[in-house]
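Enquirer: Show me how the following folds:
(chains A and B)
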Amino acid sequence: MLEVTDLTVAYGPIEAVRSVSFTVQAGTVATLIGPNGAGKSSTLNALSGVAPQRCGRILLEGQDISRWSVHRRVAAGLVQVPEGRLVLAGMSVRENLELGAYRRPRTEVAADLERMEVRFPILRERRNAAAGTLSGGEQQMLAIARGLMARPKLLLLDEPSLGLAPLLVRTVFEIVTELRNSGLTILLVEQNARQALNVSSFGYVIENGKIVIEGPADKLRSDPAIIRTYLGQGV
Amino acid sequence: MESLIISQMAVSGALMGLVYALIAYGFQLTFSTSKSINFGQGELVMLSAFFSLTLLDWGVPYWLMVPGGLLFGVFLGLAVERAGVRLALEQKSEGWILLTIIIGLLGFSAAENIWGRDDRPFPTPISADALQFFGVNVTPLEISVAIGVFALMGLIELFKRKTLLGKAFEAVSADRDAAELMGISATRTVMLSYGLSGLVAAMAGILVSPITTVGPTMASALILKAFSVAVVAGLDSGFGVVVIGIFLGALESLTSFYLGSGWREAPGLILLILALAVRPNGVFGKATIRKV
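Expert: As a prediction, this is how the structure comes out:
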């Protein structure tokens, strides 16, 4: 589904991501884990086109999209749910969802809206409320639902559990599991390494802008180095 | 008697102020999507007015001329975006400031060459005979300005709130990256905003021309005051520009009555300086807080 080779992301002279390569198989969840500032979000942002890519190749279903504009990538099925959610605070929940489906034929949108409101009842309940008045967890649900409204082929989730209460963190990972079981391809960026590896089939550990360890998620879960650095004791 | 004169001055000034408000609204439209404005907006007002006058000269009926003139304004707005703004924004440079000024100067020279330097009257079927309301004289022409300004601003606001394209416009204004991530093209939205701001400029030209006459310099004073109104009101409140526009128009008219017409331009500039010193985000503006 996604094949990234030698991707370098730089903000002026500062290279946030240095020549990373990885793949995401169709129908699976892959995760990028690593400490703060390692380049996880920069990698995702370069995939969606928000961050400046210096060099490298990004193939989506075999097609090189690295020179495409952000909105064109969305139309092609690569959809990012950004870190910090970025819901449109002044607009209603409903309008946020509608705009998520901006590039899709209007005739299909009504049915998708209905599906989202069934899956996330809170979005139905708060349909006409300004998105900015939702709680952090509700906003995260909205951001994910808005991303799904675009009918992604590949969903990029950037720190979906960030800043949420433990119970909500669990809900978020339940949603990710559910989406995976429905056959959606997902690239997940998380600081919450244990949970991320639990829902993923493949993992990449990124440090200082480079991928240092990669492998099947169950292997990484039992890797002593990873346990020590990212998972802590008691595994 | 004195109070009647004051209200007369205030009312005709306020109606003129609505034209400032309309032009200021044009600044807001492009500023909201791209954080850029067309410094040659006054030339757009003037060129559209000349074009509309030419349509009338050719024998086009007044009510057919109006959409023609407005369309020409849209075309000019799009041209300014393509020629002066897009490249600068792509390079994240402030080059649009100089480029839009230069395009304005080009438009000014073009107008002098095509239509000459003389001011010309702008015929209109709307009567200029005064009607009396509570002793204050108002002409149907002045009322048509008010109707035109409110109708156009109302339509554009309705478009932004009720249509998908309009909501996309609002999304880009609120958060460019978030909008792009929803599949909205920010570039095309900026184009749209320049087209709309050209439309607004043309409307201002058509509304004000019968009152002021048409000439290459017709908009130079207008644009300064519209700019004051936009800054004083804040660059993100459509309601604000109407209030401040009316206020400034009335204030100007009273100032020139009491202090002499030489002082006419003073209130706009004083308000501008005051606003920049005391409330740089404008009276109705929101302070932008960027979370990091």
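
Enquirer: Around B:Asn113, how many other residues sit close by?
Expert: Counted with other Cβ atoms under 10 Å in any protein chain shown, the neighbours of B:Asn113 add up to 10. For glycine as for every other residue, the C-beta is placed from the backbone atoms N, C-alpha and C.

Enquirer: quick one: which helix or strand includes it?
Expert: helix B:96-115 (DSSP states H and E).

Enquirer: what is the mean pLDDT for that helix?
Expert: Averaging pLDDT along helix B:96-115 yields 94.

Enquirer: And it, what's buried?
Expert: For helix B:96-115, the neighbour count (16 or more other Cβ atoms under 10 Å in any protein chain shown) marks B:96-97, B:99-100, B:103-104, B:107-108, B:111, B:115 as buried.

Enquirer: List the contacts of residue 63.
Expert: Let's take chain A. Contacts for A:Gln63 (Cβ atoms under 8 Å, 6 or more residues apart in numbering or on different chains) come out as A:Ala76.

Enquirer: My question was about chain B, not that one.
Expert: So B:Trp63 contacts nothing (Cβ under 8 Å, 6+ apart).

Enquirer: what's the spacing between it and B:Leu207?
Expert: 14 Å (Cβ to Cβ, to the nearest Å).

Enquirer: Please, which helix or strand holds the spatially most central residue of chain A?
Expert: Central residue of chain A (Cα atoms, centre = their mean): A:Leu157, 1.1 Å from the mean position. Per DSSP H and E: A:Leu157 is located in strand A:154-158.

Enquirer: what's in contact with the following helix or strand past that strand?
Expert: For strand A:154-158, the succeeding helix or strand toward the C-terminus, using DSSP H and E, is helix A:166-181. The contact list for helix A:166-181 (Cβ under 8 Å, 6+ apart) reads A:28-29, A:136-137, A:140-141, A:144, A:148, A:155, A:157, A:160-161, A:164, A:186, A:188, A:192, A:195, A:198-199.

Enquirer: pLDDT of helix A:166-181, averaged?
Expert: 92.

Enquirer: Residues contacting the least confident helix or strand in chain A by mean pLDDT, please?
Expert: When each helix and strand of chain A is scored by mean pLDDT, DSSP states H and E, helix A:224-226 comes last, with a mean of 81. Around helix A:224-226, the neighbours that count as contacts under Cβ under 8 Å, 6+ apart are A:193, A:205, A:213, A:220.

Enquirer: follow-up on the earlier one: quick check: next helix or strand after the helix holding B:Asn113?
Expert: Downstream of helix B:96-115 (by DSSP H and E), the next one is strand B:131-133.

Enquirer: other SSEs contacting the next helix or strand after that following strand?
Expert: Remark: after strand B:131-133, the chain's next helix or strand is strand B:136-138, criterion DSSP H and E. Counting contacts by 3 or more Cβ pairs under 8 Å, 6 or more residues apart in numbering or on different chains; DSSP states H and E, strand B:136-138 is packed against helix B:2-34, strand B:131-133.

Enquirer: Off-centre distance for the least confident helix or strand of chain A?
Expert: Distance of helix A:224-226 from the chain centroid (Cα atoms, centre = their mean, to the nearest Å) equals 25 Å.

Enquirer: which of the residues in it are buried?
Expert: For helix A:224-226, burial by neighbour count (16+ other Cβ under 10 Å) applies to A:Ile226.

Enquirer: Around chain B, which positions in chain A sit nearby?
Expert: A:48-50, A:69-71, A:74-75, A:79-80, A:82, A:84, A:86-91, A:95, A:98-100, A:102-103, A:106, A:146, A:150 (Cβ under 8 Å from any Cβ of the partner chain).

Enquirer: Any of those buried? List them.
Expert: Neighbour counting by 16+ other Cβ under 10 Å classes A:48-50, A:70-71, A:74-75, A:79-80, A:82, A:86-88, A:91, A:95, A:98-100, A:102-103, A:146, A:150 among the residues of chain A next to chain B as buried.

Enquirer: Doesn't B:Asn281 lie inside a helix?
Expert: No - with DSSP: H, G, I helix; E, B strand; the rest coil as the criterion, B:Asn281 is located in coil rather than a helix.

Enquirer: Quick check: the gap between it and B:Ser7.
Expert: 33 Å.

Enquirer: And for B:Leu87?
Expert: 50 Å.

Enquirer: same deal with B:Pro140?
Expert: 19 Å.

Enquirer: just A:Ala10 next, same as before
Expert: To B:Ser7, A:Ala10 is 64 Å away according to Cβ to Cβ.

Enquirer: In PDB, please show the C-alpha coordinates belonging to the strand holding A:Leu157.
Expert: In PDB, the C-alpha atoms belonging to strand A:154-158 read as follows (Å, rounded to 0.1, in the frame of the first residue of the first chain):
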ATOM      1  CA  LEU A 154      -4.500   4.600   4.100                       C
ATOM      2  CA  LEU A 155      -5.200   6.400   7.400                       C
ATOM      3  CA  LEU A 156      -2.400   8.200   9.100                       C
ATOM      4  CA  LEU A 157      -3.100   8.600  12.800                       C
ATOM      5  CA  ASP A 158      -0.800  11.000  14.600                       C
END
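
Enquirer: Residues contacting it, please?
Expert: Counting by Cβ under 8 Å, 6+ apart, A:1-2, A:24, A:40-41, A:44-45, A:47-48, A:60, A:77-83, A:144, A:147-148, A:176, A:179, A:184-189 sit against strand A:154-158.

Enquirer: Among the residues you listed, which ones are in strands?
Expert: A:2, A:24, A:60, A:78-81, A:185-189 (DSSP state E).

Enquirer: export those residues to TSV and tack on pLDDT and distance to B:Val145?
Expert: Output for the ones in strands among the contacts of strand A:154-158, formatted as TSV (pLDDT from 0 to 100; distance: Cβ to Cβ, whole Å):
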residue	pLDDT	distance to B:Val145
A:Leu2	93	58
A:Val24	94	60
A:Leu60	93	54
A:Leu78	95	50
A:Val79	95	47
A:Gln80	95	47
A:Val81	94	48
A:Thr185	95	58
A:Ile186	95	57
A:Leu187	95	57
A:Leu188	94	58
A:Val189	93	56
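
Enquirer: so which of these comes closest to B:Gly268?
Expert: A:Gln80 (46.0 Å; Cβ to Cβ).

Enquirer: picking that back up, compare A:Ala10 and B:Ser7 and say which is more crowded by neighbours.
Expert: A:Ala10 (18 against 15).

Enquirer: which ones are touching that one?
Expert: A:16, A:52, A:54.

Enquirer: buried subset of the residues you listed?
Expert: A:Ala16.
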